[in-house]
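Undergrad: Prediction below, plus the sequence it came from.
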Amino acid sequence: MVGAYYGALMRQAEADGRIAGVPYDPAALVWTAWDLGIRDATAIWFAQIVGREIRIIDYYEASGVDLGHYARELTAKPYAYAGHIVPHDAQAKELGTGKSRLEVLAGLGLKGITLAPIHRVEDGINAVRVVIPRCWFEARNARAASMRCGSTAPSTTTKHAILRPHPVHDWCSHPADAFRYLAMTLDRQTGTTGFHRRIDYPQHGWV
């Protein structure tokens with residue numbers, strides 16, 4: 001795709017053999033990173049940090065279902081979770097329920113929820129570019145999503161097809177946005193200095 005932000009990096013990952021069999025390691029905790037959709041898809045990456053490597057072991061996406069569906073999917077997997085990264089706007093309260101999606105997820109049993117820092121899209125794209133060379137992608141479960149992440153391209157003007165500074169919103173957007181939140185937050189949560197905002201809820205639930 002012309003102008004794809006991560007296309008060359010994903011091609012290099014494939015050439016390096018980093019899109020391969022990357023099994024879950026029970027000795028390492030799993031982080032999830034979410035792009036929360038309302039009328040369209042919700043995307044979730046599953047990542048482990050082992051040394052300097054970021055292992056993308058799984059990916060899940062669905063649409064037209066409630067948040068309880070995703071909590072059940074996470075519970076059904078054999079992973080031990082370190083925490084869950086969600087977009088900063090997940091703390092906005094809905095008028096109908098008076099609750100935020102963050103509060104709903106916490107009520108469903110998710111623990112260690114972290115808000116991704118507010119950032120410019122350009123900064124998030126640069127963070128992903130830094131992170132991808134450290135990543136290994138599980139081919140069976142995450143290959144399609146990793147290729148979609150790599151397909152994200154700048155939008156264009158209708159008249160002159162001039163590249164704009166922001167990515168086009170299409171079928172690639174959800175995994176790419178979730179990966180951006182992962183890249184902006186993960187190192188901060190695992191020891192690297194930087195801004196992060198952690199939401200600590202009562203320790204109830206199972207995930």
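TA: Nice, I can see it.

Undergrad: use CA for all of it now, contacts and neighbours both
TA: OK.

Undergrad: Show the pLDDT at the residue nearest the centre of the chain.
TA: The chain has Ala178 as the residue nearest its centroid, 2.8 Å off, counting by CA atoms, centre = their mean. At Ala178, the model reports a pLDDT of 92.

Undergrad: Please name the residues that touch it.
TA: By CA atoms under 8 Å, 6 or more residues apart in numbering, Ala178 lies in contact with 33-35, 43-45.

Undergrad: In a helix, it, correct?
TA: Yes. Remark: Ala178 belongs to a helix, assigned using DSSP: H, G, I helix; E, B strand; the rest coil.

Undergrad: got a list of contacts for stretch 83-98?
TA: Contacts with stretch 83-98, where a contact means CA under 8 Å, 6+ apart, come from 30-36, 99-103, 110-118, 181-182, 185.

Undergrad: so how far is it off the chain centroid?
TA: The chain centroid and the centroid of stretch 83-98 are separated by 16 Å, computed with CA atoms, centre = their mean, to the nearest Å.

Undergrad: try stretch 28-35
TA: Relative to its parent chain, stretch 28-35 has a centroid offset of 8 Å by CA atoms, centre = their mean.

Undergrad: buried sites along it?
TA: For stretch 28-35, burial by neighbour count (16 or more other CA atoms under 10 Å) applies to 29-35.

Undergrad: Just the ones of the residues you listed in strands?
TA: Per DSSP state E, strands hold the following members of those: 30-35.

Undergrad: Ranking helices and strands of this protein by mean pLDDT, which lands last?
TA: Scoring the helices and strands of the chain by mean pLDDT, DSSP states H and E places strand 154-156 at the bottom, with a mean of 43.

Undergrad: quick one: which helix or strand includes Leu105?
TA: helix 101-107 (DSSP states H and E).

Undergrad: Which of the residues in that helix are classified as buried?
TA: By 16+ other CA under 10 Å, the buried positions in helix 101-107 come out as 101-106.

Undergrad: Save those as a markdown table, and put in distance to Arg140 and pLDDT too.
TA: Formatted as a markdown table, the buried residues of helix 101-107 follow (distance: CA to CA, whole Å; pLDDT from 0 to 100):
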| residue | distance to Arg140 | pLDDT |
| --- | --- | --- |
| Arg101 | 30 | 92 |
| Leu102 | 30 | 92 |
| Glu103 | 33 | 94 |
| Val104 | 31 | 93 |
| Leu105 | 28 | 94 |
| Ala106 | 30 | 94 |
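
Undergrad: Make JSON lines from the residues you listed and add distance to Leu95 to it.
TA: Listed next are the buried residues of helix 101-107 as JSON lines, based on distance: CA to CA, whole Å:
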{"residue": "Arg101", "distance to Leu95": "12"}
{"residue": "Leu102", "distance to Leu95": "14"}
{"residue": "Glu103", "distance to Leu95": "14"}
{"residue": "Val104", "distance to Leu95": "14"}
{"residue": "Leu105", "distance to Leu95": "17"}
{"residue": "Ala106", "distance to Leu95": "18"}
